[in-house]
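In: Compute the structure for the input listed below.
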Amino acid sequence: MSEARVEPNARVTVRAPAKINLHLGVGSPRADGFHPLATVYQAVGLYDDVTVTEAPDWSVGLTSPVDGVPLDDDNIAIRSGRALVAHHGLDLAARITIAKGIPVMGGMAGGSADAAATLLALDRLWDLQTSDEDLLRIAGELGSDVPFALVGGTALGTGRGEVVTPVPDSTSVWWVVVLSDQGLSTPEVYRRFDLLAPDAEAEPSLPQALLDALAEGYTDEVGALLHNDLWAAARDLRPDLVDVEAQLRVLGPDGVLLSGSGPTLLMLHDDVEEARNAVAELTERGLRCTIAPGPVAGAHVVTYA
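Out: Next up is the predicted model:
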């Protein structure tokens, strides 16, 4: 059993990035209901900040109201904290405060970022010195995208996405992130995928050409190789996305991509001024968008006081 050590009134803030999937290959459902994935993750510069302080009971709050984020034990940040203290055999609790900068239900793994940030923040708060291996294992039990939020950068994801292997990435790019006022449920998108792709292969293939282009830093080739098996399901549920995607392609980016299970759409640029010009044009058309660099680091401590 570990012994927690915490300074009086100590607080820790950890920043964790959004993720996108440069490639998302989806196989047919496994016996446990999960889909096998072959995905290439990239962490991008949209962040959630998670601040933790020791408390008599578990609780979670937001710095500003956000629809779609539970504020009870269903919140993945609380589940993350409980999993960490259970791993160490401790009876501790914390107040978790989340500042959301990652779109909710946008296919960018904001909840997974919160879970990863909570693991790292509480480990630092209580000086638990949990090994990287154990943190990744706990993260994988919490959700498929949580381990990558810890790792960051660019990585290959296999299994159901929780087996993360960093890969060489010589690119430095800018993503125009086009937001939607209406979210998409990840389980619903996967159910629609199963209906539309009943003959999906059992194990999706690894995207070797994309991995090679990333290693060489060929942004134009990366753009041409962007792929998401969930695009057909997302646009079937949200036909309006087809028109938005067409508007993005007309602007001539290096690539256009659905982020994860959607509905967020992405434009790839290797020049920040081109990205800014695209944002200005899309904003004039009434679309909500922002810019995010990639790749960026995974979850990291920003404040310890």
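In: per-residue confidence at residue 90?
Out: At residue 90, the model reports a pLDDT of 96.
In: do you know how far it is from residue 119?
Out: Distance of residue 90 to residue 119, computed by Cβ to Cβ, to the nearest Å: 14 Å. From N, CA and C alone the C-beta is placed, and that goes for glycine too.
In: Which of the two has more residues huddled nearby?
Out: Just comparing residue 90 and residue 119: by other Cβ atoms under 10 Å the higher neighbour count belongs to residue 119, 31 against 15.
In: next SSE after the strand or helix carrying the more buried one?
Out: Here residue 119, judged by DSSP states H and E, is contained in helix 110-125. Using DSSP H and E, the next helix or strand after helix 110-125 towards the C-terminus is helix 132-142.
In: Now tell me what touches that next one from outside.
Out: Helix 132-142 is contacted by residues 76, 79-80, 83-84, 87, 112, 115-116, 119-120, 123, 130, 146-147, 149-151, 162-164 when judged by Cβ atoms under 8 Å, 6 or more residues apart in numbering.
In: could I get the helix or strand hosting residue 267 in CSV with only the CA atoms?
Out: Per DSSP H and E, residue 267 falls inside strand 265-269. C-alpha atoms of strand 265-269 as CSV (Å, rounded to 0.1, in the frame of the first residue of the first chain):
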residue,chain,number,x,y,z
LEU,A,265,-14.2,18.8,-39.4
LEU,A,266,-10.6,19.7,-39.9
MET,A,267,-8.5,21.4,-42.6
LEU,A,268,-4.8,20.7,-42.8
HIS,A,269,-2.3,23.5,-43.6
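In: buried sites along whatever helix or strand comes next after that strand?
Out: Next in sequence after strand 265-269, counting helices and strands by DSSP H and E, comes helix 272-284. Along helix 272-284, these residues count as buried under the neighbour rule (16 or more other Cβ atoms under 10 Å): 274, 275, 278, 279, 281, 282.
In: can you check stretch 91-111 too?
Out: Counting neighbours by 16+ other Cβ under 10 Å, one finds that the buried residues in stretch 91-111 are 92-98, 100-103, 105-111.
In: swap in stretch 205-218?
Out: So, applying 16+ other Cβ under 10 Å, buried residues of stretch 205-218: 207, 210, 211, 213, 214, 218.
In: who's in contact with it?
Out: With Cβ under 8 Å, 6+ apart as the test, stretch 205-218 has contacts from 22-23, 25, 38, 40, 154, 156, 158, 167-171, 221-222, 225-227.
In: can you tell me which of the residues you listed are in strands?
Out: Cross-referencing the contacts of stretch 205-218 against strands under DSSP state E gives 22, 23, 25, 38, 40, 154, 156, 158, 227.
In: and the fifth one, what does it touch?
Out: Residue 40 sits next to 21, 22, 23, 154, 155, 156, 157, 167, 207, 210, 211, 214 when contact means Cβ under 8 Å, 6+ apart.
In: Among the buried residues of stretch 205-218, which ones are in helices?
Out: Using DSSP state H, the subset of those located in helices is 210, 211, 213, 214.
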